[in-house]
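*Asks:* Sequence and predicted structure are below.
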Amino acid sequence: MTSQQQLQAQALQQLAIIGGQLTKDDDIRFEGNSFVFPDKFNGDMMGAANEVYRLAQSMAEPVAVSKTFEYRPNDGAYATKKMLIEFFGYALSKATPGMHGDIPPEERTIDLGWDNGVLVRETVPWGDMVLPGLPNGTLRLMAKRSPRGDLFHLEATVRRMDQRKIDGFFICVEDYLKEHSIYRGKCMDGGMNFLDVDRIRPEDFVYSEDVWADAAINFLSPLKDADEIRRNGLNQKRVTLLEGPFGTGKTSLLRTAAKTAVANGVTVIMCRPEDNPLDVLQTALLYAGSTGSLMTAEDIDVLAAQRDPMLVSKMLDVFDGAQTKNIPLIGVLTTNHVGDIHKGLLRSGRIDAVMTIGAMDRPGVEKLGKLTLREHCPDDIVWDDVFDSTSGFMPAYVKEGFERALRYPISRTGKAGTVVTADIVRAMKSLRAQHDIQEAASDRAPALEPMDAVMRSIVQERVEDLADTINSQLDDVKSNMESSIDNIVEHRMNGARITLEDANGDSVEGSLYTN
């Protein structure tokens, strides 16, 4: 054999050994140079030959082997490609027979995550593949639907004698996924699209000291200090609800949590408005592993109103369920209307902490101003006056005020220059009307009519439709009757005969109607 064939044979033998760890078969052994048969064939070599022949036929028969992996499909496809190259030398796709000819083999380009601002991608096989070195061996990569979402599934068809090798291959794929999953320890949205947490700068987010302290104990420390929390017997599962009006910076706290999580090897799944939070939570459970996972969802009250009034309750049931036992699972949810959350869910033990994020304090306003204005912020800014001008403003308005203040020097000189206290106060005052209009406006849909009024309206509309239909049908009947009467009269008159006398006194006979 060539050196390549020898290497492949050794790799397949290694797979057989790995597969034998789970599959034991002591009836057949290949060792030494002697033929060894059971005692029952002593003096019956033809019987032994027939038994060997039947055994050889059985070992050559095709068998189907399959396994579902608790990982998402793209993750499994990447691991399978790596193991195919490891043990078979290459990954070769196979055309699939179809009604109108062979269907070309499919390959997918998948994302592997962000690296220094670049989204890394790689092409992986999908569908049917050949297995070099295994005669008639085929492998199919596919997705399988389950209560936990789409999972990676492998199906192989090989000779019975090669089954141990496939068992070993499946074990190797599983081991690779455990150690080198493309998702574990990274940040994704509910569609498994990678998010670049390197771009998140928590140092630019400004909150009061109380908010930072609450965030630390409720989810930032559990993400960083999971081992110490576990050693002290504290619960590793924790759900925090961030509540407050629009523009308070709840989203920035979620992003801070995501960056902290990834820095500590924790998997992050951030639910988008179009995602089902329950599906996102199942993905967080799949990829929790020993380091845990973080699941975030914004505007949970809106999602519940759109999808299921019991959504929050169902999510908390999953957090407290048996499948999450001993799993470090952190949940951070947000709402603009905490009053819409059922009060029974707000008790300690269901939602562990409710953090209120409101208007900024005096140190926070100063810090945000210096971060926003940078080198254009002089040392003589009267921050007490600035803080007074932001009364009732959420962080989003305060930040807009500082950016607007920076526009005043540009409008005066054509260049960005030093900002004075009066510029900042004027900018904040210019936002007051917009702030007051927003405060007076409603962000909710009009209240629905009472059920009895809705039902009465529906019934009334239906009755009116029926009345119109009946009247139309009566008009049709009346018209049809009049037409029928006219036809009858015409027929009868056409059939009537009459004899008349003309001017000469002669008799003339004809139809009454015609004449």
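*Replies:* That came in fine, so what should we check first? Treat the numbers as computed from the prediction; the structure is a model and nothing was measured.
*Asks:* number of nearby residues for residue 378?
*Replies:* 11 (other Cβ atoms under 10 Å). Where C-beta positions appear, they are placed from N, C-alpha and C, glycine not excepted.
*Asks:* what's the answer for residue 131, then?
*Replies:* Count around residue 131 with other Cβ under 10 Å applied: 23.
*Asks:* Same check on residue 327?
*Replies:* So residue 327, with other Cβ under 10 Å, has 16 neighbours.
*Asks:* Then residue 61?
*Replies:* Number of residues near residue 61 (other Cβ under 10 Å) recorded here: 9.
*Asks:* My guess is it contacts residue 162. True?
*Replies:* No: using Cβ atoms under 8 Å, residue 61 makes no contact with residue 162, being 11.1 Å away.
*Asks:* Can you give me the distance of the closest residue to residue 289 other than its chain neighbours to residue 500?
*Replies:* Closest residue to residue 289 apart from its sequence neighbours, by Cβ to Cβ, 6 or more residues apart in numbering: residue 184 at 5.8 Å. Residue 184 is 112 Å from residue 500, where distance means Cβ to Cβ, to the nearest Å.
*Asks:* So the two - more neighbours on which side?
*Replies:* Taking neighbours as other Cβ under 10 Å, residue 184 and residue 500 compare with residue 184 leading, 21 against 10.
*Asks:* so when I look at the more buried one, I'm seeing a helix, right?
*Replies:* No: applying DSSP: H, G, I helix; E, B strand; the rest coil, one finds residue 184 to be coil, outside a helix.
*Asks:* residue contacts, it?
*Replies:* Residue 184 sits next to 267, 287, 289, 291 when contact means Cβ atoms under 8 Å, 6 or more residues apart in numbering.
*Asks:* Point out the least confident one among the residues you listed.
*Replies:* The member of the contacts of residue 184 with the lowest pLDDT is residue 289, at 82.
*Asks:* any idea which element the residue lying closest to residue 180 once chain neighbours are set aside lies in?
*Replies:* In this structure, residue 180 finds its nearest non-sequential neighbour in residue 79, 7.0 Å apart by Cβ to Cβ, 6+ apart. Take DSSP states H and E as the rule and residue 79 turns out to sit in helix 73-88.
*Asks:* From residue 257, how far off is residue 356?
*Replies:* 17 Å.
*Asks:* again with residue 473
*Replies:* 67 Å.
*Asks:* Same drill for those two, tell me which one is more crowded.
*Replies:* Here residue 473 and residue 257 are set side by side on neighbour count (other Cβ under 10 Å), and the busier one is residue 257, at 27 against 10.
*Asks:* re the thing from before, in helices, which of the contacts of residue 184 appear?
*Replies:* Among the contacts of residue 184, no residue falls in helices (DSSP state H).
*Asks:* Tell me the one of those residues nearest residue 17?
*Replies:* Checking the contacts of residue 184 against residue 17 with Cβ to Cβ, the nearest one is residue 289 at 27.3 Å.
*Asks:* tell me the phi and psi of the spatially most central residue of the chain?
*Replies:* Nearest residue to the geometric centre of the chain (Cα atoms, centre = their mean): residue 190, 3.1 Å. Dihedral pair for residue 190: phi -70, psi -20, per degrees, to the nearest 10.
*Asks:* what about residue 46, helix or strand, and which?
*Replies:* Using DSSP H and E, residue 46 falls in helix 45-60.
*Asks:* Check residue 63 too.
*Replies:* strand 62-69.
*Asks:* buried ones in the top strand by length along the chain?
*Replies:* Using DSSP state E to define each element, the chain has its longest strand at strand 118-130. Under the neighbour-count criterion of 16 or more other Cβ atoms under 10 Å, strand 118-130 has 124-130 buried.
*Asks:* now swap in stretch 147-157 and tell me
*Replies:* Those would be 149-157, for stretch 147-157 by 16+ other Cβ under 10 Å.
*Asks:* JSON lines please, covering those and showing secondary structure.
*Replies:* Output for the buried residues of stretch 147-157, formatted as JSON lines (three-state DSSP):
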{"residue": "149", "secondary structure": "strand"}
{"residue": "150", "secondary structure": "strand"}
{"residue": "151", "secondary structure": "strand"}
{"residue": "152", "secondary structure": "strand"}
{"residue": "153", "secondary structure": "strand"}
{"residue": "154", "secondary structure": "strand"}
{"residue": "155", "secondary structure": "strand"}
{"residue": "156", "secondary structure": "strand"}
{"residue": "157", "secondary structure": "strand"}
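*Asks:* export stretch 344-351 as CSV, just CAs?
*Replies:* Taking Å, rounded to 0.1, in the frame of the first residue of the first chain, the C-alpha atoms of stretch 344-351 are listed here in CSV:
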residue,chain,number,x,y,z
GLY,A,344,-47.1,36.9,41.1
LEU,A,345,-44.0,36.7,38.8
LEU,A,346,-42.3,39.6,40.6
ARG,A,347,-41.9,37.8,43.9
SER,A,348,-38.4,36.8,45.0
GLY,A,349,-37.6,33.3,43.7
ARG,A,350,-39.3,33.8,40.3
ILE,A,351,-37.6,37.1,39.2
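*Asks:* how distant is that stretch from the center of its chain?
*Replies:* Centroid separation for stretch 344-351 versus its chain: 26 Å, with Cα atoms, centre = their mean, to the nearest Å.
*Asks:* In it, which residues are buried?
*Replies:* Within stretch 344-351, the residues that count as buried by 16+ other Cβ under 10 Å are 350-351.
*Asks:* ditto for stretch 226-239
*Replies:* 226, 229, 236-239.
*Asks:* swap in stretch 207-225?
*Replies:* Buried, per 16+ other Cβ under 10 Å, within stretch 207-225: 207-208, 211-212, 214-215, 218-220, 222-224.
*Asks:* Which residue ranges of the stretch 351-500 of the chain form helices?
*Replies:* Ranges of helices in the stretch 351-500 of the chain, per DSSP state H, counting those that start in this stretch, are 362-373, 383-389, 395-413, 421-430, 432-440, 451-495.
*Asks:* Least confident of those helices, on average?
*Replies:* Mean pLDDT values for these show the minimum at helix 451-495, a mean of 75.
*Asks:* Can you give the distance of stretch 127-147 from its chain's centre?
*Replies:* On Cα atoms, centre = their mean, the centre of stretch 127-147 falls 26 Å from the chain's centre.
*Asks:* end-to-end on that stretch?
*Replies:* Terminal residues of stretch 127-147 are spaced 23 Å apart (Cα to Cα, to the nearest Å).
*Asks:* pLDDT on it, on average?
*Replies:* Stretch 127-147 shows a mean pLDDT of 87.
*Asks:* again, but for stretch 215-231
*Replies:* Here the average pLDDT along stretch 215-231 is 92.
*Asks:* residues in contact with that stretch?
*Replies:* With Cβ under 8 Å, 6+ apart as the criterion, stretch 215-231 contacts 207, 236, 238, 240, 253, 256-257, 260-261, 263-264, 266, 291-292, 294, 328, 330, 332, 352-353, 355.
*Asks:* Restricted to helices, list those.
*Replies:* Among the contacts of stretch 215-231, DSSP H puts 253, 256-257, 260-261, 263 in helices.
*Asks:* Buried subset of those residues as a PyMOL selection?
*Replies:* Typed into PyMOL, the line below selects the buried ones among the ones in helices among the contacts of stretch 215-231, using 16+ other Cβ under 10 Å:
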select buried, resi 253+256+257+260+261
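*Asks:* Dump the ones in helices among the contacts of stretch 215-231 into a markdown table; add pLDDT and distance to residue 84 as well.
*Replies:* Formatted as a markdown table, those follow (pLDDT from 0 to 100; distance: Cβ to Cβ, whole Å):
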| residue | pLDDT | distance to residue 84 |
| --- | --- | --- |
| 253 | 93 | 43 |
| 256 | 95 | 40 |
| 257 | 95 | 38 |
| 260 | 95 | 37 |
| 261 | 95 | 32 |
| 263 | 94 | 33 |
